[in-house]
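S.K.: this one's structure only:
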């Protein structure tokens, strides 16, 4: 049975970096964004599930009823799930990395970060870079992301060159001492100059100063060597099921 989460707690004895995505949906419920738990006939939790902007995340156990999960997600109008286990043989896998190196804190670059004092124009500038290759809804993103920034539950760092924001890295949600870096993007005309590396290291530095020590990201195969050189080590896999 799947029911709405009334209070958040991780599955006993289990840990997944994806808890941060579950926690985000639970803490910042709005519209269709929500978090649920699956329980067995004895009331024992067998899975955690969330939706943020229509994107579902699953933290599973050996007792998860995947058929019920798939039916529920489809009923909610979505056909994709990010999970720490594959739901089927067609699930696409990504390497899950954890930062285990030492960030280069001597990088001579100018950075900007979003804070509780940031203006809407600053958010718009970050947004334009973050979604440079896609179409998105600024108002919805701003409403959600600014709340997390104010509550110190999210981070966003940009590198500047001559007043132009050229590279960005974000953490959409922080759960306790765990963060997943995403939204890594550098303008095409500024690539191959070490800007992505510098921005990621700056974000890692900011996170560590706030005792956020478990820093993850996931990526496709062709980027694994790049992140390995930056000090990230493969700790597992993340799976995305695209056709339920």
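M.R.: In hand now; what should we look at? Just so it is clear, the model here is predicted, and its values are computed rather than measured. Residues are numbered from 1 along each chain as shown.
S.K.: Who are the packing partners of the lengthiest helix in the chain?
M.R.: With DSSP state H setting the assignment, residue counts place helix 195-209 as the longest helix in the chain. With contacts defined as 3 or more CB pairs under 8 Å, 6 or more residues apart in numbering; DSSP states H and E, the packing partners of helix 195-209 are strand 110-113, strand 155-161, strand 164-171, strand 182-186, strand 214-219. The C-beta positions use only the backbone N, C-alpha and C, and glycine is treated the same way.
S.K.: Need the contact partners of the last one.
M.R.: Same thing as strand 214-219. 17, 94-99, 177-182, 184, 204, 207-208, 226-227, 232, 235, 237-238 (CB atoms under 8 Å, 6 or more residues apart in numbering).
S.K.: Narrow those to those in helices?
M.R.: 204, 207, 208, 226, 227.
S.K.: Who does the residue sitting nearest the centre point of the chain form a beta bridge with?
M.R.: For the chain, the residue lying nearest the average C-alpha position, counting by CA atoms, centre = their mean, turns out to be residue 180 (4.8 Å). In this structure, residue 180 has beta-bridge partners residue 216, where bridges are defined by DSSP bridges.
S.K.: any idea how far residue 161 is from it?
M.R.: Remark: distance between residue 180 and residue 161 (CB to CB, to the nearest Å) = 27 Å.
S.K.: Quickly list the domain ranges of the protein.
M.R.: Following automatic domain parsing, one gets these domains for the chain: 2-85, 98-235.
S.K.: Format the ones you listed as TSV; extra columns: distance to residue 242.
M.R.: Formatted as TSV, the entries for the domains of the chain read as follows, by distance: least, CB to CB, whole Å:
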stretch	distance to residue 242
domain 2-85	5
domain 98-235	14
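S.K.: okay, these in a markdown table with mean pLDDT next?
M.R.: Converted to a markdown table, those look like this (pLDDT from 0 to 100):
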| stretch | mean pLDDT |
| --- | --- |
| domain 2-85 | 89 |
| domain 98-235 | 91 |
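S.K.: Which of the ones you listed sits closest to residue 243?
M.R.: With CB to CB as the measure, domain 2-85 is the member of the domains of the chain nearest residue 243 (6.2 Å).
S.K.: Now do the end-to-end distance for that closest one.
M.R.: Taking CA to CA, to the nearest Å, the first and last residues of domain 2-85 lie 19 Å apart.
S.K.: Give me the distance from it to the chain's centre.
M.R.: On the basis of CA atoms, centre = their mean, to the nearest Å, domain 2-85 sits 15 Å off its chain's mean C-alpha point.
S.K.: Can you mark which positions in stretch 175-186 are buried?
M.R.: Counting neighbours by 16 or more other CB atoms under 10 Å, one finds that the buried residues in stretch 175-186 are 175, 178, 179, 180, 181, 182, 184, 185, 186.
S.K.: now, among those, which is nearest to residue 5?
M.R.: residue 175 (13.9 Å).
S.K.: The closest one and residue 19: what is the separation?
M.R.: Here residue 175 is placed at a distance of 5 Å from residue 19 (CB to CB).
S.K.: now do residue 75
M.R.: The spacing between residue 75 and residue 19, counted by CB to CB, is 24 Å.
S.K.: Looking at these two, which is more packed in?
M.R.: Regarding residue 75 and residue 19, a neighbour count based on other CB atoms under 10 Å identifies residue 19 as having more, with 24 against 9.
S.K.: and that one, what does it touch?
M.R.: For residue 19, the residues meeting the contact criterion (CB under 8 Å, 6+ apart) are 10, 48, 59, 175, 178.
S.K.: What ranges does this structure have for its strands?
M.R.: Counting by DSSP state E, one finds strands in the chain at the ranges 2-4, 34-39, 45-52, 55-60, 81-83, 92-99, 110-113, 155-161, 164-171, 174-175, 178-180, 182-186, 214-219, 232-241.
S.K.: Leaving out sequence neighbours, find the closest residue to residue 100.
M.R.: Counting by CB to CB, 6 or more residues apart in numbering, the nearest residue to residue 100 once its immediate chain neighbours are dropped is residue 233, at 4.7 Å.
S.K.: Alright, that wraps it up for me.
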